[in-house]
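# Any chance you could fold what I've pasted below:
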Amino acid sequence: MAETEATLSESDAEAVPVEDVPGSPDEDLAIETVQLIKEYWDKESSFLTKRKKRVVNDINLRIRAGEIYGFLGKNGAGKTTTIKMILGLTFPTSGDIRIFGHVGVTEEAKSLIGFAPEKPSFYMHLTAEELMMYAGELMGLSRKEVRDRCPKLLEMVGLKGEERTMVRNYSKGMQQRLGVAQALISDPRLLIFDEPATGLDPFGRKFVKDLILRLKEEGKTVFFSSHQLLDVQEVCDRVGIIHRGRMIREDTVDKVLGGSNNLEATFVQMISDLGEAEAALDPKKHGE
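Numbers count the residues shown, from 1 in each chain. Got it, this is the predicted structure:
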């Protein structure tokens with residue numbers, strides 16, 4: 001994902017794994033990040049002027065256990081990069097991450113997380129049952145545990161009766177549902193969804209909303225990114241809005257809305273106002 005943020009010099013720190021940090025871990029927080037930063041080499045810079053772009057800039061998250069948190073921003077704002085760091089799929093350049101008090105994204109921390117990507121990828125010649133067995137074994141579950149959990153999960157996501165259908169015969173919506181079922185196979189405490197309703201019809205979107213609310217009722221924490229802001233408005237306890245790698249607003253949905261009743265309109269106005277302010281301060285726009 002291309003993300004254009006603040007430009008930095010080559011002397012800035014290289015990406016390194018998160019190390020232990022001082023302080024007492026807070027197990028009441030499902031996710032905690034402290035001054036999280038991610039930089040990539042700027043592909044548009046020349047060999048002689050090699051520089052970096054900061055795509056995530058000083059993100060401080062404190063996601064409480066049991067809450068539903070919506071992570072919002074335009075394409076390229078830094079949402080997916082932040083999620084990848086929380087999952088341990090990429091290292092931060094600097095900053096710290098804790099998952100339920102575990103310092104760093106350790107194997108023990110990863111075992112507490114279920115993740116469903118925006119575009120799940122499957123072995124298309126396998127059936128849903130076979131893929132669930134594969135996912136469960138990757139998470140360290142026994143075959144008996146997977147066999148016990150699989151029917152309930154596939155029924156929960158609306159795939160009852162399709163357990164032995166090859167995934168290549170699934171619609172996009174069915175594949176999205178299967179991705180969610182796989183994320184739940186290890187009974188994780190924390191669910192992370194990246195754009196879970198992308199490309200879904202109204203029935204699929206309703207399924208996603210109902211599932212998120214059901215997971216909260218079961219005591220799970222749900223952290224997800226989405227462009228379906230009206231859906232976010234209905235289900236989230238709190239939202240964080242990221243713009244050019246920085247957190248620009250974080251609060252309860254009601255407080256972010258203010259006097260409005262439409263999160264989508266509020267979000268668009270907020271980002272538009274920032275864009276106008278940035279343009280006014282950009283010397284290139286004024287020939288300086």
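# Beta-bridge partners for M247, please?
Taking DSSP bridges as the rule, M247 bridges to I242.
# So what's the gap between whichever strand or helix holds L153 and the chain middle?
Per DSSP states H and E: L153 is located in helix 143-156. Computed by C-alpha atoms, centre = their mean, to the nearest Å, the separation of helix 143-156 from the middle of its chain amounts to 25 Å.
# Helices along this structure, start to end?
79-87, 107-110, 128-138, 143-156, 172-184, 202-217, 229-235, 253-257, 263-281 (DSSP state H).
# which stretches of the chain have low pLDDT?
1-27, 45-49, 276-288 (pLDDT under 70).
# Kindly list the longest strand within it.
strand 29-41 (DSSP state E).
# Who are the packing partners of that strand?
Contacts defined by 3 or more C-beta pairs under 8 Å, 6 or more residues apart in numbering; DSSP states H and E place strand 29-41 against strand 52-59, strand 62-64, helix 79-87, strand 94-99, strand 221-225. Bear in mind the C-beta positions are built from the backbone N, C-alpha and C, glycine included.
# Compute the inter-axis angle for that strand and strand 221-225.
Orientation of strand 29-41 against strand 221-225 (axes from the mean of the first three to the mean of the last three C-alpha atoms, to 10 degrees) gives an angle of 30 degrees.
# Mind listing the strands strand 29-41 pairs with, and their directions?
By DSSP bridges, strand 29-41 pairs with strand 52-59 (antiparallel), strand 62-64 (antiparallel), strand 94-99 (antiparallel).
# got the CA positions of the last one in CSV?
This means strand 94-99. Output of strand 94-99 as CSV, limited to C-alpha atoms (Å, rounded to 0.1, in the frame of the first residue of the first chain):
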residue,chain,number,x,y,z
SER,A,94,10.6,2.8,16.8
GLY,A,95,8.0,2.7,19.5
ASP,A,96,6.4,0.0,21.7
ILE,A,97,3.5,-2.5,21.4
ARG,A,98,1.8,-4.4,24.1
ILE,A,99,-1.0,-7.0,23.7
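# can you give me the offset of that strand from its chain's centre?
Offset of strand 94-99 from its chain centre (C-alpha atoms, centre = their mean): 15 Å.
# returning to what we had before: okay, the helices and strands packed on strand 29-41, which one's buried deepest?
strand 221-225 (a mean of 25; mean count of other C-beta atoms under 10 Å).
# partner strands of that strand, parallel or antiparallel?
Strand 221-225 is paired, per DSSP bridges, with strand 68-72 (parallel), strand 190-194 (parallel).
# So which bits of stretch 153-166 are buried?
For stretch 153-166, the neighbour count (16 or more other C-beta atoms under 10 Å) marks L153, L154, M156, V157, G158, L159, E162, M166 as buried.
# closest to K216 among these?
Distance to K216 across those (C-beta to C-beta) is lowest for M156, with 14.4 Å.
# what about the closest one, distance to D254?
30 Å (C-beta to C-beta, to the nearest Å).
# Likewise for E32?
Counting by C-beta to C-beta, the separation of E32 from D254 is 24 Å.
# higher neighbour count, these two?
Ranked by neighbour count (other C-beta atoms under 10 Å), E32 and D254 place E32 first, with 22 against 9.
# Spatially nearest residue to the more buried one (excluding sequence neighbours)?
Nearest residue to E32, sequence neighbours excluded (C-beta to C-beta, 6 or more residues apart in numbering): R98, at 4.3 Å.
# what bridges to that neighbour?
E32, V103.
# Assess the claim that it and A30 are in contact.
No: contact between R98 and A30 fails when scored by C-beta atoms under 8 Å: they sit 9.4 Å apart.
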